[in-house]
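In: Task: produce atomic coordinates for the following.
(one chain, ligands or ions: 1)
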Amino acid sequence: MKILAIVHKDSGGALPKAALEAVAAAQSLGGELSVRILSGDAPVHSIDVPALAGAIKSSGAEIVIAPGTSRIMRSMPAAAMRAGAEIDTHITGLSSGPGGVTAQRWAYRQRILCTLARDARPWVLVVDGGAFAPAAPDSFQAEPLPAPAAAARTECLGVQTAAADAQTIRPDAKLLFVAGAGWTKKQADGAVHSAEAAATIKEFLAASGASLGSSKSLVEMGDESKADFGFMSHMNQVGQTGATPRHPKGLSTCCHGEEPHVVGWRFIGERRAVNLDANCGWAQGKADVLYVADAFKVMSHLNRILKG
Ligand SMILES: Cc1cc2nc3c(=O)[nH]c(=O)nc-3n(C[C@H](O)[C@H](O)[C@H](O)COP(=O)(O)OP(=O)(O)OC[C@H]3O[C@@H](n4cnc5c(N)ncnc54)[C@H](O)[C@@H]3O)c2cc1C
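Out: Numbering: from 1, shown residues only. Next comes the predicted model:
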C-alpha cells in the first residue's frame, strides 16, 4: 500500500509537532511511505491547492495523510476534490489490518467515536493535533513539494503574526487555563474587578505559557463588561459550541463547569478547577480536584510563585 504524508514547516522554518504527528500516523499504517514538505512559508490557497492536488495524483498513493493545521484545513479539501480523492478530517485514530484501513473520528461534539472505512482511493485523512505521538525527526526522509509554476499568480508580500503575548491559543501548551464569567462578576466587596482580573490572567499566561480557554458566557458578554478582556474572543471558547482542545492538564477558574462547557474538556488529561461554589458543576465528578476558593487570591498567589 502506497502512503503519502504531506506536511509543511512553520514560520520558523522547522517542522512543527503537528507535522511529526501526521508522519507518525502515516508510519503506523505500515505501508510504503513517502513524505513531502509543502514549500513556502505562507498559506496561499491558490498555490497550495494545485501543489497538493498534483502531489496526490502523481504519487499514486492510496492513502494520503496530512496534519490538521489551519493551512492544510483551508487547502486540502479543495485539493482532494481536484485530485478526485475522498477526504475525511479530524481523524484521531488509524489502523490497518486484513480488512483494510480504518480511521476514527469523534462525532456529535466528541460524544460518539466513529470508525470509518472507504472503498474509494485515494483517501485523504487529515489528522487532529495531539492524537498521535510525534515521529522522531530522523525516522523518515522528506522531499520538497514545490508549487507548480503556473500557480504563482498570487504573490505573498509577507506574513504578519500577532505579538507573542496576543497569541493566547497555544495547542502545544501543557496546560489549558480556562477563564469563566465569574472573573467579571461582583465579588465579596460588592464591586466588579474586571481590570484586575484581566491583568491577573494575562500575567499567568505570560509566566506559565498556558493556552487560554474561555466559557461561552465570558466571550459573549456585552462590549462594556468585557472591555478589559479584549485579548479573548470566540476563538478561545471551549465546549459544545466551541473548541475541544488537547492538553495534558487543565485549570478552570471562575467557570461553573456546566455540561455544555465541560464537554469541550473531553481530551484534557487532568482537570482542576477553582470555584467559590462547592456545589458547582466541577464538583459533580467533572474535575479531578476542585479548590473551593477565591480565584483572584489563588491566581495572584500563583503569579507571585511563578515570578520567583
Ligand atoms: C446549546 C448550548 C451550547 C452551549 N455551548 C457552550 C460552549 O461551547 N462553551 C461554554 O462554555 N458554554 C456553553 N454553553 C453555556 C453553558 O451552559 C454555561 O452557560 C456557560 O458555560 C457558563 O459560563 P461560566 O461558567 O463562565 O459562567 P457562570 O455560570 O456565570 O459561572 C461563573 C462561576 O464563577 C464562579 N466565581 C465567581 N467569582 C469567583 C471567584 N472569585 N473565584 C472563584 N469562582 C468564582 C461562580 O461561583 C460561578 O460558578 C452552551 C449552552 C447552550 C444552551
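
In: Okay, now the unreliable bits of the protein?
Out: 150-152, 161-165, 222-226 (pLDDT under 70).

In: Show me what from the stretch 151-300 of the chain comes close to the ligand.
Out: 180-182, 185, 187, 215-218, 237-242, 254-256, 258, 260-261, 264, 274-277, 280, 294-296 (C-beta under 6 Å from any ligand atom). Glycine gets a C-beta too; all of them are placed from N, C-alpha and C.

In: mind running it again at 5 Å?
Out: 180-182, 185, 215-217, 239-242, 254-256, 258, 260-261, 275-277, 280, 294-295 (C-beta under 5 Å from any ligand atom).

In: Got a quick PyMOL command for the buried subset of these?
Out: The buried residues among these can be selected in PyMOL (16 or more other C-beta atoms under 10 Å) with this line:
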select buried, resi 180+181+182+215+216+217+239+240+242+254+255+256+258+261+275+276+280+294+295
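
In: In three-state terms, label C114 for me.
Out: strand (DSSP: H, G, I helix; E, B strand; the rest coil).

In: what's around it, how many residues?
Out: C114 sits with 11 neighbouring residues when counted by other C-beta atoms under 10 Å.

In: Can you name the residues bridging to it?
Out: Beta-bridge pairing for C114 (DSSP bridges): R105.

In: what about stretch 103-117, how long is it end to end?
Out: In stretch 103-117, first residue to last residue: 7 Å (C-alpha to C-alpha, to the nearest Å).

In: Let me know whether that stretch sits next to the ligand.
Out: No: Stretch 103-117 stays clear of the ligand (C-beta under 5 Å from any ligand atom), getting no nearer than 8.4 Å.

In: Can you give the distance from stretch 5-20 to the centre of its chain?
Out: In this view, stretch 5-20 has its centroid 15 Å away from the chain centroid, taken as C-alpha atoms, centre = their mean, to the nearest Å.

In: just the helices in this structure please.
Out: For the chain, applying DSSP state H gives helices covering 17-27, 45-59, 70-82, 194-208, 216-219, 259-262, 295-307.

In: tally of neighbours for the closest residue in space to L116 that isn't next to it in sequence?
Out: Counting by C-beta to C-beta, 6 or more residues apart in numbering, L116 lies nearest to A103, which is 4.9 Å off, once chain neighbours are set aside. Look at A103: counted by other C-beta under 10 Å, it has 23 neighbours.

In: T154 too?
Out: Residues near T154, counting by other C-beta under 10 Å: 11.

In: Is it in contact with I47, as I believe?
Out: Yes: the criterion here is C-beta atoms under 8 Å, and T154 meets it with I47 at 6.2 Å.

In: Between the two ends of stretch 251-268, what distance do you get?
Out: End-to-end distance of stretch 251-268 (C-alpha to C-alpha): 10 Å.

In: quick one: contacts for the closest residue to the ligand within the stretch 51-200 of the chain?
Out: Distances between the stretch 51-200 of the chain and the ligand by C-beta to the nearest ligand atom are smallest at G182, namely 2.2 Å. Going by C-beta atoms under 8 Å, 6 or more residues apart in numbering, G182 touches T253, C254, C255, H256, N275, L276, A295.

In: With distance to A195 added, can I get those residues in CSV?
Out: Converted to CSV, the contacts of G182 look like this (distance: C-beta to C-beta, whole Å):
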residue, distance to A195
T253, 17
C254, 15
C255, 19
H256, 23
N275, 22
L276, 20
A295, 15
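
In: Got phi/psi on S39?
Out: Here is the backbone geometry of S39 (degrees, to the nearest 10): phi -80, psi 170.

In: can I assume it is in contact with E143?
Out: No: S39 is not in contact with E143 according to C-beta under 8 Å; the separation is 10.7 Å.

In: Counting neighbours around each, name which of those two comes out higher.
Out: Per other C-beta under 10 Å, whichever of S39 and E143 has more neighbours is S39, with 14 against 10.

In: For the residue nearest the centre of the chain, which non-adjacent residue is spatially closest?
Out: For the chain, the residue nearest the mean C-alpha position is P171 (4.8 Å; C-alpha atoms, centre = their mean). Nearest non-adjacent residue to P171, counting by C-beta to C-beta, 6+ apart: G129, 5.3 Å away.

In: ok now do that neighbour, which residues does it touch?
Out: K17, A18, E21, P67, G68, T69, P171, R246.

In: any idea how far it is from K174?
Out: 14 Å (C-beta to C-beta, to the nearest Å).

In: just the helices of the chain: most buried one?
Out: helix 17-27 (a mean of 24; mean count of other C-beta atoms under 10 Å).

In: hey, C-alpha coordinates of it in PDB?
Out: Extracted C-alpha coordinates of helix 17-27, given in PDB (Å, rounded to 0.1, in the frame of the first residue of the first chain):
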ATOM      1  CA  LYS A  17       4.800  19.000  16.200                       C
ATOM      2  CA  ALA A  18       1.600  18.600  14.100                       C
ATOM      3  CA  ALA A  19       3.700  17.600  11.100                       C
ATOM      4  CA  LEU A  20       5.600  15.000  13.100                       C
ATOM      5  CA  GLU A  21       2.400  13.600  14.400                       C
ATOM      6  CA  ALA A  22       1.000  13.300  10.900                       C
ATOM      7  CA  VAL A  23       4.100  11.400   9.800                       C
ATOM      8  CA  ALA A  24       3.700   9.100  12.800                       C
ATOM      9  CA  ALA A  25       0.100   8.500  11.900                       C
ATOM     10  CA  ALA A  26       1.200   7.600   8.300                       C
ATOM     11  CA  GLN A  27       4.100   5.300   9.700                       C
END
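
In: I am finished for the moment; much appreciated.
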